[in-house]
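**Student:** Predicted model follows, preceded by the sequence.
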Amino acid sequence: MPVAVDRTRAMTASVVPDSPLKPTQDAPNNDAQTPNPRKRRKAKGKEVEELEEEAWSWKSLTDSSASRVPPIFTRDGSYFFSAAGPSVKIHSVATGEVVSTLTPPPNSVSGGAGTSQHTDTVTAAILSPHNPFQLITGSQDGYIRTWDFLDASLLQTISISHPIFHLAAHEKFREYVFVATARSTKKKTKGGVATAEDNVTVSRVSLIPKADCTGSAVHISSETINVGKTRLTSGLAVSPSGAWLVATAGHKAYVCQTGDLKAGFTKFVSPERLTCLAFHPSEEYFATGDATGCIRLWYCLNESATTKTPGVEKTAQTTTLHWHAHAVSSLSFTANGAYLLSGGEEAVLVIWQLHTGKKEYVPRVGSPILHIALLSTGGEEEYLLSLADASFVFIRASSLKISRSIARIKLDPAISYDRPSTSSSVPLAVHPLSSTLILPSSHPSSLQTFAPSSSKLVSELEVSPSNRVSRRDDKPLQPARVERVVLSDSGDWMATVDTREAEDPPRPEVYMKIWQWDRKSGFWILNTRIDRPHGPTRLSGIAFRPGLRSQEGLLLATVGADGNIKTWRIRSVKTKSEGVEEFWVARSSLRFRAEIPSDVSWSPDGSLLAVSVGSHVAIYEPDSNTLCQVLTCPDCPSASTLQFLGASGRYLLVNGPQDVLLWDLVSQTLRWRHRSPVAINQVIAHPTEEQFAIFERVQSTTADAPSTRVSIFQTGSSVPVAIRTLPFRLRSTISVPPTGFLPTDPSGFALVGITEAWSVVVFGDDIQLPEEEGASAHGITQDASVRKRTLFHDIFGVSAFADLTSIPGPSTAPIPTHAWDGKEAVEIFDAPAHLLPPLESLFDSVMDSFLAARPGEDEEEPEQQREDEMDVDEPADEDDRPAKGGAPLDRVVDRQEMHGFVELFMNYAIKAPPSRPPPVQANGIHKPNGIPPHLNGPRATPKSTPKANPNGATPNGHAYTPSRPPPADASPASTAGKKRKKSLG
Amino acid sequence: MVETPPTLAVHRCRFVDFAPSAVTALAFPPLPLPSVKGKKAATSQGFPGFGLLAVGRANGNIELCEWTGPNPRSQAPQAWVVRKTLIGPYPSKVESLALTFRSSRRAAQEEVPSWSNLRLFSAGGGSELVEWDIEKGNIKRTLASQGGPIWSISPNPASTILALGCEDGAVRLVSLQYDELNHLRRLDRVKSRILSIAWGPPTPRQKKQPAANADSDSDDDEEDWLDSWLVTGCSDSSLRKWDFSTGRALDRMGTDKVRGERTLVWAVGVLGEGTIVSGDSMGIVKFWDSKTCTQLQSFQGHAADVLCLTVGPDGSVVYTSGVDQKVTQFSYVKTSRSSTDPSPLVSRATGRWVQSRSRRLHSHDVRALAIWPPYTPLPPSHQRHYPTDIAPVLVSGGLDMSVVTTPAALPTATLSGKIMNPLSTSTQATFEDAYHRRLAYSSGFSGTSAVHLARKARLVLCTREAGVTVWRLAKRKPRGDDLDLGADIPGQDRGWERVLDMDLNVQTNLVSGAVSDDGRWIAVSDWHETKLFQLSEEKNGDLKPKRIRDFSATLQSTLNGASTGASSLTFTPESSKLLLATSNSAIVLVVDLGSEGHSPRVLRKFEQHRIRDNVVKGRLVKGRQSSPAANGDSDVEMGLQNEGAPGADGAQASDDDSDLEDSRIVRTTITRMAVSPDGQWLATSDDRRRTHIFNLDAVQHHGSLPTFPQPVHALAFDPSAPSTLVLGFADNQLEVYDVEARQFPRWARSLVNGVPQRFTHLHDPVLGVTFDPGSGAEGEGSPLPPKTALFWGATWICKVMLTERIGYSGFEKRRRGKRKAPEASASADGRVEVSLEEGQQEVQQRNFKLVTHYRPLLFVDFVAPGELVVVERPLVDVLAKLPPAYFKPKYGAT
């Protein structure tokens, strides 16, 4: 390309006067030639000091990591408790949602050991054996708290003053709990750390406070009997009969007769370190799991167990069950004692039939199993697994299938497979079409989509399917890691880059995958996989061409360490059956001298492609691949990233390790340069405004000091206009388009980041997130829990009669009265029959117009509704079944008709969005297919989602297509007919 | 010597293709039934001393092993060692074994069941039941089953009846009373094989029946117990319970089965309270209630067939094993149930069986299990209880040819204190944690070696079941070459060649063999006939045997027509005489091989081993040795009488009724013989632990040694002092005896009395002792100093300087020194130089040095001064010839 080269030279030359040419005098030159910034800077020196380091508002989207406490069901099985940090969340079993949160009053005690925030973690929780509405929790800071979880009130706090590890209680021992607490020792390890963690005292503590401290908030127990000393306990339990107390710790099982606590523990030796403990519900034996995956059933609870013969290592009669290859993390017997459930790192639930030794498996529950709890309240048993990624999974005992899962963002650091700490490799993106965040998952080869508006995990996408568990003694498998994810402006395309460190040739395996958004299913579908897009080297930059264009104009630019700048385009091929098939192919490959490009960026309108190459920035015209301009700043030898600023794309922002350069493309000059004293973590441009933020890590000395400083700049000067601080460090940050789901001031920043502790935070100016339901302490009304799954629900689905008996409290309030108007129904059918949309889409509309849900209906209402439905169904069905045309509408329902109903309900009613609350129906806004239901989903209260937002029209109008499809798109008769055929077939 | 550690040239022979035989059956003697009245308080009885162990092998031999502990209840690192081998007919096999009492009254008085009071029965897959004469070592009588091949045999608890499970589907009862073997009766026939039998617990007779209508021909003492029922495992997926009195099948218990296939119930057992245990070909172990004949519990205990089963001493534990090579333990646990929420799924019993532990002790199918103390199914009221501070020993054997012993204490025993591990393998003694131990197999008769060496001719002879093979070792190169190891060995041929392979027509498996030093003679013997071959070398180096046809007749004439089989054979060092100990009659014959043209002739026969000694509790003690000197003298006199005309006297010295009156005859077998290097002395040792010395120059009985507590395992004369006899015993004790002076020399006392514990605690007993033949000539030609003995066992060689005192802590530096052993020794059959000194310089630690990197050893001897032959038979080579073991791929296996 001789022309291009010439032009480049010309351009560089033209740049020369503006940008410093002589590298040696670069820095002074810079200042000299741009006097403005310099003066400003001088002036700014004061200003900076004046500028107050204001803390940015932020909010975490994730739970703290999965807790050590197994989930506990209430006696009636309608709620379960899960500990999260210092508080206990109460989930509804039916919906999985958090109903209430029990949080102790902040630092209710003075002089407690805990000044740091992590010491008050709840480490143990049990239901009170006497009052099933009381929950007893033990926490790291040494308090036993008794809660009335119905009223969400803290009844009692008893201080033990040592960290609590386990609690156990039995109804035989009224007002007593057995507690495993850290033992204070004088011994210290070599590092000077007290070994209190490793030395545990098991004692029986009375819950009756001492008489003299009745007045204070914190009581002291009136009686504490030490049972014995152990190592760090991994389990503590009282046998079902109450006769035995068993603790597991280290390599030993400690057994004590509860009738004779003074006798202390008898120790039984296990060949491996014990990790968990469970008691058989009816017989006097217990099961332990150990670090090598062996499950042992211990038959040592008889009279001879208490004989004292010092100096001899005692062993017990045990049965070994061995399937797990990794440590067993949890065990649980079923209520009838016939089965034992075990789970561990393999993410497989194993169900042992104890009498035969046979086993069944529930594989691939998603993540290592931490705890297993059983729900058995008369009806069908369900197993609740608490997973390492802080999600919960219900498994039906009858089918051994996962019936439902309760998940939030899964980003547990413990299982993040030691990701490289470089922030660039953490994928993070915003998907505007579905208003979701695309986040890394707990497994590095997966992504997850999270809807912040509803605070729900929408889906998980396994980018690179891989084996997740390796053999026990082998080196762990090196997983493929998703390092980058970028989305096209339209939201239709997503490109991911996953890399796997190969062993044999020490080169990474790089795959670029391009996914297409399937609007119907609301999910990503893999469109194209490109193996090693840049040869054996990594990708260093990837970007979609922004701006609204036809599919043909959409380009994807990548730069790699092999020096190539590649662009990729969509190719469409007509196939016989499917019409047009689209896939991505390489379009062009460029090189800029012999340099290695480091980043690529498009101008906002997509007309320019900028590539940072060493100390240069090469700007191409993408359609012809001609090099338009080269911006050179020898002062900044390696630009790491570059991006266009603002909506017009006039400014180009380049940053190196410590420098930020702002180029003005119109004047082709370096507007100014900012040199940071510390390393720049990341530079984020505001998506629309001409301002940007620089993230710097601050070497904080104290724990409370902010560790990230954010300087906000505008194009005018190299002096920050504002400085914000954040109390955490960030791995990756992305700015959210103001049109998105975060209701903020459009000119302010709204950012989403992943902190070094792997939590997802939203921060920026005036961040407000919808307060999550149940995040605070609520009383639980008993009525809400009486709803049970019935056989009817199983057949017809819950949503067939949306919550007839109990309507969620908050959503009942504002229902506009809506008179029944037959015209609506008529209008729907007001079209030639061959042009009518398919029944699926009509059904809801017709039903909505007939059925106005009214709160506080009396008993007759469901009956009425059912009749109404039948009335409406009848004509609809007649289209299908002409033979039945003249059938009178008698109340005798024959079998065929019944089948028809069943089919109809199964097909249509159950498919409707679950738990659709009445208000939405009452509004009558009915979305044709194609829009993800959660856009104005059930939880979209007016407060959280302004009405304009779901449509996604950006103010500037170039980045985003309105997601509401034109009506023609929604119901053309031809496509509808097709779909219907499909569903029938 | 001290400055330069002496080195020995070692022929490491791995070419000897001796193949041990698979273990097919194991049996411990039963314990006598307690008295019905319970007056003798079975509970108070202590731990019975470890009894005899009978090991049946696939080649038809039965090894009788004896516990080596100094007293019946003490630890014995060597556990059981082979005391005597019963040679089976060729070809034959042993499929099942049973030991019973001859007289239970006598048994009740004994602490350990004695050999003489035991009867041994075996069945070998054919239709014949064999009773063995333990003392003589041959078949006593056989009995046809009358019902086809015998699949199983089982004696009743009182040792009065033996039940045979036959091919035709009938259980036949054989009466054992009055030391006889007669068919008693037959139970009903069913249409399946009877694969296994177990007797139900006998019922105590409440009172004397007024009419003696019960089998009146019974000892009243034994009839305290009445047999009630039997249970058999059948080949039609079922177990059957039989009524003893009527002989009818009471009930049938069906096992699980795969459709279209019959499950074979290979093993069955009965517990005292009546629970029946069965193991079948689906690998399932089931527990049945004998009253209702319903299944109590079922365990998928094994992945493949359960072949054997044994019940622990107190009936609360059951061990099973089989094709999947695992030994699985089932324990009875008492469950104290919580009263609050009784689960309907659990039976109301106070306890239940759990599958508690599984260990893989073998590499191939396990065929037999036995446990000591043995379990007798007795009603709970008469249940035996053993003290828990001594761990029972579980013995198992199978296709991998080794007997494995495992301490098998129950975990519950750990509650009451320390448990003694009788095998001293580890401080732990529970089945779960204790180390097991493999008993080394012996290659030859009664723990001797099947390998023999001809020094001058450099021949190695190995006897098999029915054949012999001879190899020739290449001459050792001059010493200068030996130093250059790497270049030397690959260039030359393998250093050995097979020169003779001979299959013999034998009646029984070969008992012994010998090759003369000059390589001209080979003597081989089965139980009934000794064959002598004269060897001549052919041009290609192969040997050509020529059988001396009339040798048998010569011997027979001397032995008065008795069988000429030899239990031990030795040539004198100058290869002019053959020393022969007859197998049946324990007569020592001195045979002059004669020069060219002359046929061999018997010079002398000694019958000292047949004479009952003046014994005190079965032992000839030292104190008594001098006083009944007349006895010894008379022996010599008798020998003198015979000396002149051996042929004529031999005629009257017949086998059974010779010139010795019957009362003085004891039945024994001479197991070991040794000739002094100068050919003057002969030492013979029999399985009654007696040792006699003969003077070969004078052809006279010279004297006898006191009886030692343990059988003699190693016997050799020191070439540097030809009258010094060195003995090694089964419990790794040593003894030195000066034959000429007829005394234990004073200089050896300190050594003999202070053998270091590391030596006596070696797990493998002494198998042999050898001296460097060159060391006699004042150290010239031998790197070893005079009076240096090499003791060896199956896994070790130990150098002992007899004159030195024991350097205490003699073994502590062993491991460090071992690293210096040349790794080049791995080259299989070549000659390598191995330093026996192992780089240890400290003078006081020079005694009792161990080399353990040859294993397992079949034979160690000097072929020439300073040149050692070590015959190894690596277990992997042996196992490689076996069919592949049952294998199930597992998770994680590649």
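**Tutor:** Received it, and whenever you're ready, just let me know what you need. What you see is a predicted model; the values in this text were computed from it and never measured.
**Student:** domains of chain A?
**Tutor:** Domain ranges of chain A: A:56-62+A:678-772, A:789-800+A:820-846, per automatic domain parsing.
**Student:** Just give me the neighbour total for whichever residue of the stretch 701-850 of chain B sits closest to chain A.
**Tutor:** With CB to the nearest CB as the measure, the residue in the stretch 701-850 of chain B that lies nearest chain A is residue B:761; the distance is 22.7 Å. Every residue, glycine included, has its C-beta placed from N, CA and C. Using other CB atoms under 10 Å in any protein chain shown, residue B:761 has 14 other residues around it.
**Student:** Nearest spatial neighbour of it, chain-adjacent residues omitted?
**Tutor:** Closest residue in space to residue B:761, ignoring its immediate chain neighbours: residue B:77 at 4.6 Å, by CB to CB, 6 or more residues apart in numbering or on different chains.
**Student:** Counting neighbours, what do you get for that neighbour?
**Tutor:** Around residue B:77 sit 20 other residues, with neighbours defined as other CB under 10 Å.
**Student:** Hmm, residue B:422 and it touching each other?
**Tutor:** No - between residue B:77 and residue B:422 no contact is recorded; they are 9.6 Å apart, counting by CB atoms under 8 Å.
**Student:** The residue lying closest to residue B:546 once chain neighbours are set aside: what's it in contact with?
**Tutor:** Of all residues not flanking residue B:546 in the chain, residue B:534 sits nearest, at 4.7 Å (CB to CB, 6+ apart). Contacts of residue B:534 were listed using CB atoms under 8 Å, 6 or more residues apart in numbering or on different chains, and they are B:520-521, B:545-548.
**Student:** Show me these that map onto helices.
**Tutor:** Secondary structure assignment by DSSP state H places none of these in helices.
**Student:** Pull the most distant pair out of these.
**Tutor:** Taking CB to CB as the measure, these span a maximum distance of 13.5 Å, between B:520 and B:547.
**Student:** Name the residue in these two with the higher neighbour count.
**Tutor:** In terms of neighbours (other CB under 10 Å), residue B:520 is the more surrounded of residue B:520 and residue B:547; the figures are 19 against 15.
**Student:** Residue B:241 - how many residues pack around it?
**Tutor:** Other residues close to residue B:241 by other CB under 10 Å number 21.
**Student:** likewise the one 5 residues further on?
**Tutor:** Applying other CB under 10 Å, we find 10 residues neighbouring residue B:246.
**Student:** Quick check: the gap between it and chain A.
**Tutor:** Shown here: residue B:246 relative to chain A, a distance of 36 Å by CB to the nearest CB, to the nearest Å.
**Student:** for the stretch 351-500 of chain B, what spans make up the strands?
**Tutor:** B:351-360, B:366-372, B:393-398, B:403-407, B:437-439, B:451-454, B:459-463, B:467-473, B:496-503 (DSSP state E, counting those that start in this stretch).
**Student:** Pick the most deeply packed of those strands.
**Tutor:** Mean neighbours per residue, mean count of other CB atoms under 10 Å in any protein chain shown, is largest over the strands of the stretch 351-500 of chain B for strand B:393-398, with a mean of 28.
**Student:** Which strand residues bridge residue A:361?
**Tutor:** Going by DSSP bridges, residue A:361 is paired in beta bridges with residue A:350.
**Student:** Could you double-check that it lies in contact with residue A:352?
**Tutor:** No - at 10.3 Å, residue A:361 and residue A:352 do not qualify as touching, with contact defined as CB under 8 Å.
**Student:** the more surrounded of those two?
**Tutor:** residue A:352 (23 against 12).
**Student:** contacting residues for that one?
**Tutor:** Residues in contact with residue A:352, defined by CB under 8 Å, 6+ apart, are A:295, A:321, A:339-342, A:358-359.
**Student:** Please enumerate the helices of the chain.
**Tutor:** Went with chain A since none was named. Listed in chain order, the helices of chain A (DSSP H) span A:2-15, A:26-33, A:35-50, A:791-796, A:822-828, A:839-850, A:860-880, A:895-904, A:918-923, A:967-970, A:973-984.
**Student:** wait, chain B
**Tutor:** In order along the chain, chain B carries the following helices (DSSP H): B:104-109, B:479-483, B:485-491, B:551-559, B:622-626, B:629-643, B:646-652, B:749-753, B:757-760, B:814-818, B:875-880.
**Student:** quick one on the thing from earlier: of the contacts of residue A:352, which is the most crowded?
**Tutor:** Among those, where neighbours are counted by other CB under 10 Å, the top count belongs to residue A:342, at 26 neighbours.
**Student:** what's that residue in contact with, if anything?
**Tutor:** For residue A:342, the contacting residues are A:289, A:295, A:321, A:323-324, A:328, A:330-332, A:349-350, A:352, A:372, taking CB under 8 Å, 6+ apart as the criterion.
**Student:** From chain B, how far out is it?
**Tutor:** Separation of residue A:342 from chain B (CB to the nearest CB) stands at 15 Å.
**Student:** Next one: that residue relative to residue A:278, how far apart?
**Tutor:** Plainly put, residue A:342 is 9 Å away from residue A:278 if you go by CB to CB, to the nearest Å.
**Student:** Please enumerate the shared neighbours of those two.
**Tutor:** Applying CB under 8 Å, 6+ apart, one finds that residue A:342 and residue A:278 are jointly contacted by A:331-332.
**Student:** before we move on, back to that, quickly list what's touching both of residue A:361 and residue A:352.
**Tutor:** Among the neighbours of residue A:361, none is also in contact with residue A:352 (CB under 8 Å, 6+ apart).
**Student:** Next to chain B, which bits of chain A? Give me the list.
**Tutor:** For chain A, the residues in contact with chain B (CB under 8 Å from any CB of the partner chain) are A:239-243, A:271, A:281-285, A:297, A:299-302, A:304-305, A:307, A:309, A:311-320, A:325, A:336-338, A:355-358, A:471-472.
**Student:** now these: which count as buried?
**Tutor:** By the neighbour-count criterion of 16 or more other CB atoms under 10 Å in any protein chain shown, the residues of chain A next to chain B include these buried positions: A:239-243, A:281-285, A:297, A:299-302, A:305, A:314-319, A:325, A:337-338.
**Student:** Tell me, how many residues neighbour residue A:122?
**Tutor:** In terms of burial, residue A:122 registers 27 neighbours under the definition other CB under 10 Å.
**Student:** right, and it touches residue A:67 too?
**Tutor:** Yes - counting by CB under 8 Å, residue A:67 is a contact partner of residue A:122 at 7.0 Å.
**Student:** Extract the residue ranges of the stretch 51-200 of chain A that are flagged as low pLDDT.
**Tutor:** Regions of the stretch 51-200 of chain A meeting the criterion pLDDT under 70 cover residues A:51-52, A:62-66, A:106-119, A:184-197.
**Student:** re the thing from before, quick one: which of the contacts of residue B:534 is nearest chain A?
**Tutor:** The shortest gap between chain A and any of the contacts of residue B:534 belongs to residue B:545, at 57.4 Å (CB to the nearest CB).
**Student:** quick revisit: so which of the residues of chain A next to chain B belong to strands?
**Tutor:** With strands identified by DSSP state E, the entries of these that belong to them are A:297, A:318-320.
**Student:** can you give me the strands in the stretch 701-850 of chain B?
**Tutor:** Listed in chain order, the strands of the stretch 701-850 of chain B (DSSP E, counting those that start in this stretch) span B:712-718, B:721-729, B:734-738, B:766-771, B:788-793, B:797-801, B:831-835, B:849-851.
**Student:** Switch those strands over to a markdown table; also include mean neighbour count, mean pLDDT and distance to chain A.
**Tutor:** A markdown table is the format used below for these (neighbours: other CB atoms under 10 Å in any protein chain shown; pLDDT from 0 to 100; distance: least, CB to the nearest CB, whole Å):
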| stretch | mean neighbour count | mean pLDDT | distance to chain A |
| --- | --- | --- | --- |
| strand B:712-718 | 25 | 90 | 36 |
| strand B:721-729 | 23 | 89 | 34 |
| strand B:734-738 | 20 | 90 | 36 |
| strand B:766-771 | 25 | 90 | 34 |
| strand B:788-793 | 25 | 88 | 32 |
| strand B:797-801 | 22 | 86 | 34 |
| strand B:831-835 | 20 | 42 | 36 |
| strand B:849-851 | 22 | 83 | 31 |
